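Undergrad: after the sequence you'll find the predicted model.
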Amino acid sequence: MRYGIPYVGSKNKIAEKIIDKLPPAKHFYDLFGGGGAMTHCALMSGKYEFVHYNELNPLVFKAFKMAINGEFKGENRWISKEDFERLKDTDPYVACCFSFGNDFKTYCYAIDREPFKKAVHYSIFFDDESLLKEYIDLKDFRYTSNNIKERRLELQRFLTVLLNENKLDKNICEYFIIASYNVRGIAQNIQSIERLQELNIGGLLLSNLSYDEVPIENDSVIYCDPPYLKVTKKKRYNNSDFNHNSFYDWARKQNNIFISEYTMPDDFEVVYQKEKRCCLGLNNNTKTVEKLFVNNGHKFAYTQNNLF
């Protein structure tokens, strides 16, 4: 199950584990909502009557809101680097699906490979082979499926046959096969976004505020996934440096608060941890240990209730 929209640092892969560890309540607050993986999972869990998604970044907030309203339906546009630079700050589809690692900032393709990516995108999504024909003889090739995944495989098989028959340069073949995987990634991003419109959103409440401006109701569980201190000392938080010390002071005053981080001050204690592959950099084989923290004074109550 994929949760939320694709977004850098998403808790998609461990959302179920975290939600399973959290206590039930009337309200669940996802105060650094990002791509909404935790919000999505909390809604699906049925543990909470109301789920509050909050995200300060206006473009990410807009992307999530559009997703649950079904406003990405039918999206499959090709986006060039020029398009990306022009639209990335206003168009959530552009920022999400064509950014490197879904970081909403950096174009995902190298300029020298862009023509190959575009040719495959047009072929698989639009049935337009005009760009592919500039490199490949397609007289013996036809798609037999409307499914994006199957079409990618059909194109790959055809390219491999051409390569084995010495009818296609090895480098060109490799460029197009890599491009087909990129198209698959875009298709998966679109599917993940479109899946959100299937949510029962009657109990979903949205806000576009700083975490400390969100009013917290009684009988609540608060979940925070703030900018990580050790990822970067000055991670940008909506055009201002995130103040970790202010966050710690605020968190100490909250009840039923759970925080995802790598490290926290000594008066917060780890109640759950999970090894997770890190996809923030070029080395996707890096593994990190995600930790879930609570206020030291609260751990006993959670342990007594067999939550941990």
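TA: Yes, it's here.
Undergrad: tell me which stretches of the stretch 101-250 of the chain form strands.
TA: Under the criterion DSSP state E, counting those that start in this stretch, the stretch 101-250 of the chain contains strands at 204-207, 220-224.
Undergrad: most tightly surrounded among those?
TA: strand 220-224 (a mean of 21; mean count of other CB atoms under 10 Å). For glycine as for every other residue, the C-beta is placed from the backbone atoms N, C-alpha and C.
Undergrad: ok, residue 56 touching residue 213?
TA: No - using CB atoms under 8 Å, residue 56 is not in contact with residue 213, being 9.1 Å away.
Undergrad: who has more neighbours out of these two?
TA: Comparing residue 56 with residue 213 by neighbour count (other CB atoms under 10 Å), the higher total belongs to residue 56, at 21 against 11.
Undergrad: can you tell me the SS state at that one?
TA: Counting by DSSP: H, G, I helix; E, B strand; the rest coil, the backbone at residue 56 sits in coil.
Undergrad: excluding chain neighbours, give the residue nearest to residue 155 in space.
TA: Among residues not flanking residue 155 along the chain, residue 180 sits closest, at 5.6 Å (CB to CB, 6 or more residues apart in numbering).
Undergrad: no wait, residue 117
TA: Take residue 117 and drop its neighbours on the chain: the residue closest to it by CB to CB, 6+ apart is residue 179, 4.6 Å away.
Undergrad: pretty sure the one you found contacts residue 119?
TA: Yes - counting by CB under 8 Å, residue 179 touches residue 119, with 7.3 Å between them.
Undergrad: quick one, phi/psi of residue 10?
TA: With angles defined as degrees, to the nearest 10, residue 10 shows backbone torsions of phi -60, psi 150.
Undergrad: quick revisit: reformat the strands of the stretch 101-250 of the chain as CSV; add mean pLDDT and distance to residue 105.
TA: Conversion of the strands of the stretch 101-250 of the chain to CSV gives the following (pLDDT from 0 to 100; distance: least, CB to CB, whole Å):
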stretch, mean pLDDT, distance to residue 105
strand 204-207, 95, 23
strand 220-224, 97, 23
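Undergrad: where does this structure dip in pLDDT?
TA: By pLDDT under 70, the low-scoring segments of the chain are 198-201, 230-240, 276-286, 297-308.
Undergrad: can you list the domain ranges for it.
TA: Following automatic domain parsing, the chain resolves into domains at 12-56+209-304, 81-195.
Undergrad: and the first one, how far out from the chain's middle?
TA: It stands for domain 12-56+209-304. Taking CA atoms, centre = their mean, to the nearest Å, the mean C-alpha location of domain 12-56+209-304 is offset from the chain mean by 16 Å.
Undergrad: the residue nearest to residue 155 contacts residue 120, correct?
TA: Yes - with contact taken as CB under 8 Å, residue 180 and residue 120 are classed as touching, separated by 5.4 Å.
Undergrad: looking at the two, which is more packed in?
TA: For the pair residue 180 and residue 120, the greater number of neighbours falls to residue 120 (27 against 23), based on other CB under 10 Å.
Undergrad: which ones are touching that one?
TA: Contacts for residue 120 (CB atoms under 8 Å, 6 or more residues apart in numbering) come out as 132, 155, 176, 179, 180, 182, 183.
Undergrad: how far away is it from residue 176?
TA: The gap separating residue 120 from residue 176 is 6 Å, by CB to CB, to the nearest Å.
Undergrad: what's the overlap in contacts for those two?
TA: 132, 155.
Undergrad: that concludes my questions; thank you for your assistance.
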